[in-house]
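Student: Please work out how this folds:
(one chain, ligands or ions: 1)
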Amino acid sequence: MRHPLVMGNWKLNGSKHMVNELIAALRNELSSVVGCDVAIAPPVAYLDLAKHHLGGSRIALGAQNVDTHLSGAFTGEVSAEMLKDIGAKYIIIGHSERRTYHKESDEVIAEKFAVLKEAGLIPVLCIGESEAENEAGQTEAVCARQIDAVLNSLGAKAFENTVIAYEPIWAIGTGKSATPAQAQAVHKYIRGHIAKHDAAIAEQVIIQYGGSVNAGNAAELFTQPDIDGALVGGASLKADAFAVIVKAAAQAKQD
Ligand SMILES: O=C[C@H](O)COP(=O)(O)O
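Tutor: Below is the predicted model of the structure:
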């Protein structure tokens, strides 16, 4: 039985004040929630402060990126060992914003997946198609290509205890979420694609949906059998909305 994971990706938002306020509110709202794992990924500058404020809570610390290198002359980068050192657990890689703005290739993202596994951290591998690819009927092919970069270099076993976030690019920050049925169809395809290599690994991998998840649409998304929680952007910046999403995931998977 898979345990859902709801993770907040704060993206390039925050301040010391916000870290203090938002985490205090989340701790309050989520203190009695069981049955759903929860994580937040603040900007790297605030990870240590966030870890401090999360102390003793069930909310895990995540990060939004990692470098492929462990140390050395790589100005501006953060290593897997550093993230582990400060207590991060879930690390987002391959977000479409990094694929687009930082030209990250499938191969570089697979390398990031490898360094995270090596460090004992949990990769949250983002995949998903653009609007044009969706309209051209290429959704499955794009998702398969993005997963194959990891499958072909590391093998299916690398997906043990990891997370995939299916985030159709056309749904990110647009207010236009995929419908539960649309998302379920792609999630089922993704799980089936991994199952061709290893059915047991496919069965346990967490597949989150991401893209305009909010307090109003989360519950219905989570009724789908292959949707194991969400990677939440905008709505993760508001404690009440994020808490509704977490509680919806916990409730749906209990029913
Ligand atoms: O990582 C999160 C996703 O990009 C979704 O962002 P959004 O919830 O603001 O659409």
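
Student: Wait, residue 162 touches residue 121, no?
Tutor: No. With contact defined as C-beta atoms under 8 Å, residue 162 does not reach residue 121; the gap is 9.8 Å. Backbone N, C-alpha and C define where each C-beta goes, glycine included.

Student: how about stretch 240-253, does it reach the ligand?
Tutor: No. Using C-beta under 6 Å from any ligand atom, stretch 240-253 never reaches the ligand; the gap is at least 9.7 Å.

Student: Give me the neighbour count for residue 246.
Tutor: 29 (other C-beta atoms under 10 Å).

Student: quick one: the nearest residue to residue 95 once chain neighbours are set aside and the ligand, what's the gap?
Tutor: Distances taken as C-beta to C-beta, 6 or more residues apart in numbering put residue 126 closest to residue 95, at 4.6 Å, once the chain neighbours are dropped. For residue 126, the distance to the ligand equals 7 Å [C-beta to the nearest ligand atom, to the nearest Å].

Student: Give me the pLDDT for residue 126.
Tutor: pLDDT recorded at residue 126 is 98.

Student: State the helix or strand in which it lies.
Tutor: Using DSSP states H and E, residue 126 maps to strand 122-127.

Student: Who are the packing partners of the next helix or strand after that strand?
Tutor: Using DSSP H and E, the helix or strand that follows strand 122-127 in sequence is helix 131-135. Packed against helix 131-135 by the contact rule (3 or more C-beta pairs under 8 Å, 6 or more residues apart in numbering; DSSP states H and E) you find no helix or strand.

Student: right, is helix 131-135 up against the ligand?
Tutor: No. On the criterion C-beta under 6 Å from any ligand atom, helix 131-135 is out of touch with the ligand, staying 13.8 Å away.

Student: Since that was my last question, I'll sign off now.
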